[in-house]
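**Q** Structure for this input, please:
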Amino acid sequence: MRETLMCAALVLAGLAWTPVARAQFNDENLRQVLPPGFKIGFKSERPGLTMTEDVPDGQTVKDWSEMITTQVFLGRKSADPSAFLSGVRSRWLAACPGSVEPTIHTGNANGYPVSMMLLGCPLNPATGKPEVALMRGIAGADSFYLIQYAWRSAPTQEQVNAATRYLGTVNACDTRTPAHPCADLKGFAPR
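**A** Take a look at the predicted model:
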């Protein structure tokens, strides 16, 4: 198993988007723009799952200090984001001795159920380094979206706040229903 997948395919990546016209958006889409200074380090597509790992310029998916991972579980309709993150939390706690059980926070974004949690591993057995991950799960009508912002160190509160704001900008939308509007699409491309 790849080192960056943290003992249970936990590390999840981000997708870079390019500007396109709104008319190209069809059905349900994940809207995500990478923060400045990040690039795609790895992208994978297989039946039922797409994954992208993004790292700062000058870094790789094997040697990174920060990583944004996005996984799209295609066809996994209306999954409970709190239950999904609870499963991730259980695997994380089992894989990393000394981790503190995090609280899962649940709400709503653009009409979809959303949950977030912050996990910390004082010493990742696979890397010998600390690892902290902030995760956001979005229960779409067509797919489940999991976005993670991770650090291979103990982040500052300012870094956690910035990552929280960033993850808050990543949302699903659906051109088929006004309940999940795809408004303000400048800089986004369809998923």
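**Q** Residue 94 belongs to a helix?
**A** Yes - if the criterion is DSSP: H, G, I helix; E, B strand; the rest coil, then residue 94 is within a helix.
**Q** ranges for the helices of the protein?
**A** Counting by DSSP state H, the chain forms helices over residues 81-95, 157-169, given from the N-terminal end onward.
**Q** Strand partners (parallel or antiparallel) of the least confident helix or strand in the chain by mean pLDDT?
**A** With mean pLDDT, DSSP states H and E as the measure, the helix or strand of the chain carrying the lowest mean pLDDT is strand 28-31 (a mean of 91). Strand 28-31 has the following strand partners under DSSP bridges: strand 171-174 (antiparallel).
**Q** so which of the helices of the chain comes closest to residue 146?
**A** With respect to residue 146, and counting by CB to CB, the nearest of these is helix 81-95 at 7.2 Å. Backbone N, C-alpha and C define where each C-beta goes, glycine included.
**Q** mind listing what's buried in the closest one?
**A** Residues of helix 81-95 classed as buried under the neighbour-count rule (16 or more other CB atoms under 10 Å) are 81-82, 84-85, 88-89, 92-93, 95.
**Q** What is the nearest of these to residue 140?
**A** Out of the buried residues of helix 81-95, the one with the shortest distance to residue 140 is residue 81. That distance is 9.9 Å, counting by CB to CB.
**Q** My guess is the closest one contacts residue 113. True?
**A** Yes - applying CB atoms under 8 Å as the test, residue 81 and residue 113 come out as touching, 5.4 Å apart.
**Q** which neighbours do the two share?
**A** Common neighbours of residue 81 and residue 113 (criterion: CB atoms under 8 Å, 6 or more residues apart in numbering): 106, 138-139.
**Q** how near is residue 87 to residue 124?
**A** Here the distance between residue 87 and residue 124 works out to 19 Å (CB to CB, to the nearest Å).
**Q** just residue 145 next, same as before
**A** Between residue 145 and residue 124 the distance, using CB to CB, works out to 24 Å.
**Q** quick one, which of the two is more surrounded?
**A** Ranked by neighbour count (other CB atoms under 10 Å), residue 145 and residue 124 place residue 145 first, with 26 against 18.
**Q** ok, now which ones touch the nearest residue to that one once chain neighbours are set aside?
**A** Of all residues not flanking residue 145 in the chain, residue 138 sits nearest, at 4.2 Å (CB to CB, 6 or more residues apart in numbering). If you count contacts by CB under 8 Å, 6+ apart, residue 138 has them with 30, 81, 109, 112-114, 144-147, 170-172.
**Q** tell me which of the buried residues of helix 81-95 is nearest to residue 62?
**A** The shortest gap between residue 62 and any of the buried residues of helix 81-95 belongs to residue 95, at 19.2 Å (CB to CB).
**Q** doesn't residue 123 make contact with the closest one?
**A** No - taking contacts as CB under 8 Å, residue 95 lies outside contact range of residue 123: 11.5 Å.
**Q** can you pull out the strands in this protein?
**A** Taking DSSP state E, the strands of the chain run over residues 28-31, 38-46, 49-56, 66-74, 105-109, 112-121, 131-139, 143-151, 171-174.
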